[in-house]
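1. I would like the atomic coordinates for the input below:
(one chain, ligands or ions: 3)
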Amino acid sequence: MDYIEYIRKLDYQELERFASEIRRYIINVVSKNGGHLAPNLGVVELTLSLYRVFNPYEDYIIWDTGHQTYVHKLLTGRWDLFPTIRKFDGLSGYTNIFESEYDRFGAGHVGTAIAAALGIEKALELKGKKANVVVVIGDGALTSGESLEALNQIKTLNSKLKIIVNNNSMSISKNVGALSHFLEKLRTSKFYLDTKKTMKRAFSKGFEEELKKIRDALKVTLTGEDFFEGLGLKHFGPIDGHNFKELEDEFRRIKDYDYPTVVTVNTVKGKGFKNSESNPEKFHSASKFDISSGTFLKEKGIISYSEAFGRTLSKLAEKDDKIIVITAAMKSGTGLKEFSEKFPKRFFDLGITEQMCVTFAGGLATIGMKPVFAVYSTFLQRAFDQIIHDIALQRLPIIFAIDRAGVVGEDGPTHHGVFDIAYLRMIPNIKIYAPKDVQDLMNTLYTLLNTKLGGPVAIRYPRDYEFGDFEELCDKINMVDVDKWKLLNEGKDVAIISTGFPTKAALKVARKNNFTLVFARSIKPIDVEMLKWVFENHNVVFSVEEGVKIGGFGEGLLSYGNVEVIAIDDEFVPHGSRKELLKYLNLDVEGIERRMRKVLERRNIYENANRIR
Ligand SMILES: Cc1ncc(C[n+]2csc(CCOP(=O)(O)OP(=O)(O)O)c2C)c(N)n1
Ligand SMILES: CC(=O)[C@@H](O)[C@H](O)COP(=O)(O)O
Ligand SMILES: [Mg+2]
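-> Ligands and ions are numbered 1, 2, ... in the order given. Take a look at the predicted model:
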């Protein structure tokens with residue numbers, strides 16, 4: 001069924017009914033698969049209206065981040081496949097150019113849409129092809145560095161881009177920064193909205209352009225300088241993002257404008273499901289939940305690495321007022337809610353500005369503070385130059401708390417944290433640690449915050465959890481010799497050197513097969529003394545890590561001796577559950593064993609090959 005044709009035939013009442021059906025479908029699927037519930041429920045009317053006016057098959061609609069494209073997917077040929085979303089081999093949770101040609105530009109990271117759209121528009125122009133180019137971007141994404149860089153070029157590029165700003169006053173948490181204040185003022189100026197309605201009633205249709213002039217003048221008066229107009233774009237709105245008529249009228253109005261245009265659309269994040277409306281932060285990226293109660297279906301008695309990290313930091317900060325914590329709009333994901341509430345003056349959510357966060361931390365460090373930047377591995381990629389130029393070169397003592405290291409699961413290739421070992425290891429002056437479990441993460445953090453650091457350090461840990469109780473783990477916190485590797489199992493002939501969280505799986509393999517297992521918390525520096533012992537006492541040495549092979553930990557050991565590297569091969573890892581992906585990558589217990597066996601067979605070490613049969 002062609003849903004684009006279908007929605008164009010509906011009247012507003014029928015559209016309302018269809019919107020409800022879509023919401024029910026999304027809630028139902030996300031409750032089973034997990035996913036970005038609140039962002040998608042907020043854009044149902046926006047997407048339907050946009051696709052009644054613009055044509056996703058002919059025009060170029062670019063969605064920023066892509067986490068809010070479930071309705072887009074449903075309308076562009078993926079209705080029946082929708083229950084597979086975020087599942088292994090199923091639909092992606094983001095736009096993906098390999099999934100559909102109508103996902104015009106793939107995403108997952110914030111802030112790429114305007115730049116990509118400008119490129120697309122220019123290419124279409126150079127080819128003499130006529131099509132509308134439209135960006136849909138959230139108020140959070142709009143504040144990211146790349147969006148602002150692109151906005152700054154719109155006028156100079158003679159663009160006619162149409163930008164729809166989905167203004168819900170939320171990033172994942174509350175949106176922050178001056179631009180968000182401008183948008184918030186627009187959004188909440190009740191007087192403005194009321195006046196707009198009154199004026200609309202007062203003027204007849206023929207006065208529409210006059211009405212708009214007054215409305216825009218009023219908007220500037222009420223909100224101060226108009227940010228968008230200052231950049232050379234025409235700014236319309238705010239309009240009600242859940243009112244079909246208002247949305248459609250405005251989209252039709254701007255469609256043929258010959259200049260770059262922004263329409264701000266007020267939406268309610270999580271609209272239509274009371275739990276997500278009242279708590280859009282929790283339902284931004286929801287795990288499986290029970291629809292009737294709105295509660296998440298999580299195992300009891302577990303503690304995630306992120307929670308352990310955040311709560312440990314809160315404890316340590318009670319006694320150390322130099323600890324400062326920074327996040328790039330990922331407060332809840334990185335477990336920092338408690339810290340932000342307890343120490344508001346020492347907590348900085350700087351929005352989606354990973355580059356700035358790194359350099360800001362650098363500034364803090366030069367004045368003697370102990371900055372901790374808690375960031376997802378995949379998002380820290382954005383600040384590669386800042387890590388080198390601002391931090392490592394100047395040996396600034398910053399702790400990079402790298403959450404979501406390794407495979408993250410259902411978010412897939414845009415979000416896996418598999419590159420950090422490779423992109424950090426090459427940088428001089430930096431130390432990199434990968435704890436093996438939650439307790440070890442707490443110990444490492446405790447140690448590093450009580451040690452005089454000679455430069456930046458990174459601690460990488462996964463999107464995972466263990467059974468355990470925080471207070472009990474806290475009682476056992478102790479200083480560890482972070483740079484020393486540890487012998488966890490002494491075996492014969494074959495040794496495994498494992499770094500980070502795969503150590504648990506590697507230890508099982510080692511115990512079962514009487515192999516030596518050395519735990520390398522420190523990826524850099526290498527414990528050369530222990531490495532020497534391993535080489536001297538074993539015939540075959542394996543390394544295990546959850547990161548890419550090229551440039552990774554194991555590859556770093558090769559300059560010291562012969563090592564069989566078990567890591568992620570040269571490919572982007574797809575999406576699926578963490579368990580499925582570790583199996584797919586041969587990084588679970590069975591997979592590690594299988595890979596070892598292959599190598600041992602190849603190297604004719606029959607005895608060992610038999611042993612792991
Ligand atoms: C570079 C980068 N940093 C952080 C994130 C995590 N992230 C995903 S969506 C989001 C908030 C986006 O807010 P907004 O654009 O307003 O969209 P909404 O969910 O409110 O519709 C954040 C911080 C990301 N995807 N990319
Ligand atoms: C779109 C995006 O980047 C985030 O919403 C991300 O999906 C959150 O991931 P977690 O669920 O691991 O916090
Ligand atoms: Mg938002």
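2. Distance from the chain centre to the longest helix along the chain, please.
-> In the chain, assigned by DSSP state H, the helix with the most residues is helix 12-33. Chain-centre distance of helix 12-33: 25 Å, with C-alpha atoms, centre = their mean, to the nearest Å.
3. And for stretch 73-80?
-> 24 Å.
4. just stretch 118-132 next, same as before
-> Distance of stretch 118-132 from its chain centroid, counting by C-alpha atoms, centre = their mean, is 30 Å.
5. in that stretch, what's buried?
-> Residues of stretch 118-132 classed as buried: 118, 120-121, 132 (neighbour count, 16 or more other C-beta atoms under 10 Å). Any C-beta I mention is one placed from the backbone N, CA and C, and that applies to glycine too.
6. next one: stretch 532-549
-> By neighbour count on 16+ other C-beta under 10 Å, the buried set for stretch 532-549 is 533-535, 538, 540-549.
7. which two in those are spaced the farthest apart?
-> Across the buried residues of stretch 532-549, the longest distance by C-beta to C-beta is 27.5 Å; it joins 533 and 548.
8. now the buried residues of stretch 118-132 in TSV, with distance to residue 435 and pLDDT?
-> Compiled in TSV, the buried residues of stretch 118-132 are given as follows (distance: C-beta to C-beta, whole Å; pLDDT from 0 to 100):
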residue	distance to residue 435	pLDDT
118	43	98
120	43	98
121	47	98
132	50	98
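9. which one of those sits closest to ligand 1?
-> Ligand 1 has its nearest neighbour among the buried residues of stretch 118-132 in residue 118, at 18.3 Å by C-beta to the nearest ligand atom.
10. For ligand 2, what's its nearest residue on the stretch 151-300 of the chain.
-> Residue nearest to ligand 2 within the stretch 151-300 of the chain (C-beta to the nearest ligand atom): residue 285, separated by 3.5 Å.
11. contacting residues around that residue?
-> With contact set as C-beta atoms under 8 Å, 6 or more residues apart in numbering, residue 285 has these partners: 34-36, 67, 172, 333, 411.
12. picking up where we left off before, okay, and which of the buried residues of stretch 118-132 map to helices?
-> Those of those lying in helices (DSSP H): 118, 120-121.
13. In the stretch 101-250 of the chain, which residue sits closest to ligand 3?
-> Proximity of the stretch 101-250 of the chain to ligand 3 (C-beta to the ion) peaks at residue 138, 3.8 Å away.
14. From one end of stretch 487-504 to the other, what's the distance?
-> Stretch 487-504 has an end-to-end distance of 13 Å (C-alpha to C-alpha, to the nearest Å).
15. Go through that stretch and flag the buried ones.
-> For stretch 487-504, by 16+ other C-beta under 10 Å, it's 488-489, 493-503.
16. Low-confidence stretches in the chain?
-> 189-224, 605-613 (pLDDT under 70).
17. Quick check: neighbours of the top strand by length along it in the sheet, parallel or antiparallel?
-> When the chain is parsed with DSSP state E, its longest strand is strand 540-548. Note on strand 540-548: by DSSP bridges, its sheet partners are strand 494-498 (parallel), strand 564-568 (parallel).
18. what does the stretch 51-200 of the chain put close to ligand 1?
-> For the stretch 51-200 of the chain, the contact set with ligand 1 under C-beta under 6 Å from any ligand atom comprises 65, 67-68, 109-110, 138-141, 166, 168, 170-172.
19. Of these, select the buried ones using a PyMOL command.
-> Of those, the buried ones go into a single PyMOL selection, burial set by 16+ other C-beta under 10 Å:
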select buried, resi 65+67+68+109+110+138+139+140+141+166+168+170+171+172
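20. Give the buried residues for stretch 339-354.
-> For stretch 339-354, by 16+ other C-beta under 10 Å, it's 339-340, 343, 346-354.
21. now stretch 504-521
-> In stretch 504-521, counting by 16+ other C-beta under 10 Å, buried: 505-510, 513, 515-521.
22. sorry, back to before: would you turn the strands paired with strand 540-548 into CSV with distance to residue 436?
-> Below are the strands paired with strand 540-548 laid out as CSV (distance: least, C-beta to C-beta, whole Å):
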stretch, distance to residue 436
strand 494-498, 8
strand 564-568, 16
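23. residues contacting the closest residue to ligand 3 within the stretch 401-550 of the chain?
-> Per C-beta to the ion, residue 411 is where the stretch 401-550 of the chain lies closest to ligand 3, at 17.9 Å. Residue 411 makes contact with 86, 93-94, 108, 285, 575, according to C-beta under 8 Å, 6+ apart.
24. Nearest to residue 308 among those?
-> Of these, the one sitting nearest to residue 308 (C-beta to C-beta) turns out to be residue 285, at 19.6 Å.
25. quick one, strands of the stretch 251-400 of the chain?
-> 261-266, 302-304, 323-327, 347-349, 370-376, 399-403 (DSSP state E, counting those that start in this stretch).
26. who wins for proximity to ligand 3 among those strands?
-> Closest to ligand 3 of the strands of the stretch 251-400 of the chain, according to C-beta to the ion: strand 261-266, at 10.8 Å.
27. Can the closest one be said to contact ligand 3?
-> No - under the criterion of C-beta under 5 Å from the ion, ligand 3 is not reached by strand 261-266; the shortest gap measures 10.8 Å.
28. on contacts alone, who are the packing partners of that strand?
-> For strand 261-266, the contact count by 3 or more C-beta pairs under 8 Å, 6 or more residues apart in numbering; DSSP states H and E identifies strand 162-167, helix 178-188, strand 234-240, helix 244-255 as packing neighbours.
29. Packed most tightly, which of those would that be?
-> strand 162-167 (a mean of 27; mean count of other C-beta atoms under 10 Å).
30. Could you show which parts of this protein are in contact with ligand 3?
-> Near ligand 3, when you scan the chain using C-beta under 5 Å from the ion, you find 138-140, 168, 170.
31. just the residues you listed that are near ligand 2?
-> Counting by C-beta under 6 Å from any ligand atom, no member of those reaches ligand 2.
32. Which of these fall in helices?
-> 139-140.
33. Checking my notes, residue 451 in a strand, right?
-> No - going by DSSP: H, G, I helix; E, B strand; the rest coil, the assignment for residue 451 is coil, not a strand.
34. show me the contacts for the residue nearest to it when sequence neighbours are not counted.
-> Nearest non-adjacent residue to residue 451, counting by C-beta to C-beta, 6 or more residues apart in numbering: residue 482, 7.9 Å away. Contact analysis of residue 482 by C-beta under 8 Å, 6+ apart lists 431, 433, 444, 447-448, 451, 521-522.
35. From residue 525, how far off is residue 482?
-> Counting by C-beta to C-beta, to the nearest Å, the gap between residue 482 and residue 525 amounts to 10 Å.
36. what sits in contact with each of these two?
-> residue 431.
37. circling back: the residue of the stretch 101-250 of the chain closest to ligand 3 contacts residue 64, doesn't it?
-> Yes - counting by C-beta atoms under 8 Å, residue 138 touches residue 64, with 6.5 Å between them.
38. returning to what we had before: check the buried residues of stretch 118-132 and tell me the two furthest apart.
-> Going by C-beta to C-beta, the pair spanning the buried residues of stretch 118-132 furthest: 118 and 132, at 13.8 Å.
39. these two touch, right, residue 599 and residue 564?
-> Yes - between residue 599 and residue 564 there is a contact at 4.8 Å, judged by C-beta under 8 Å.
40. Tell me which of those two has more neighbours.
-> Taking neighbours as other C-beta atoms under 10 Å, residue 599 and residue 564 compare with residue 564 leading, 20 against 17.
41. Run a quick neighbour tally on residue 459.
-> Number of residues near residue 459 (other C-beta under 10 Å) recorded here: 26.
42. I meant residue 451, not that one.
-> Using other C-beta under 10 Å, the number of residues around residue 451 comes to 12.
43. Could you do residue 174 as well?
-> By other C-beta under 10 Å, 15 other residues sit near residue 174.
44. From residue 180, how far out is it?
-> Counting by C-beta to C-beta - residue 174 and residue 180 are separated by 8 Å.
45. Then residue 472?
-> 40 Å.
46. again, but for residue 479
-> From residue 479 to residue 180 the distance is 41 Å (C-beta to C-beta).
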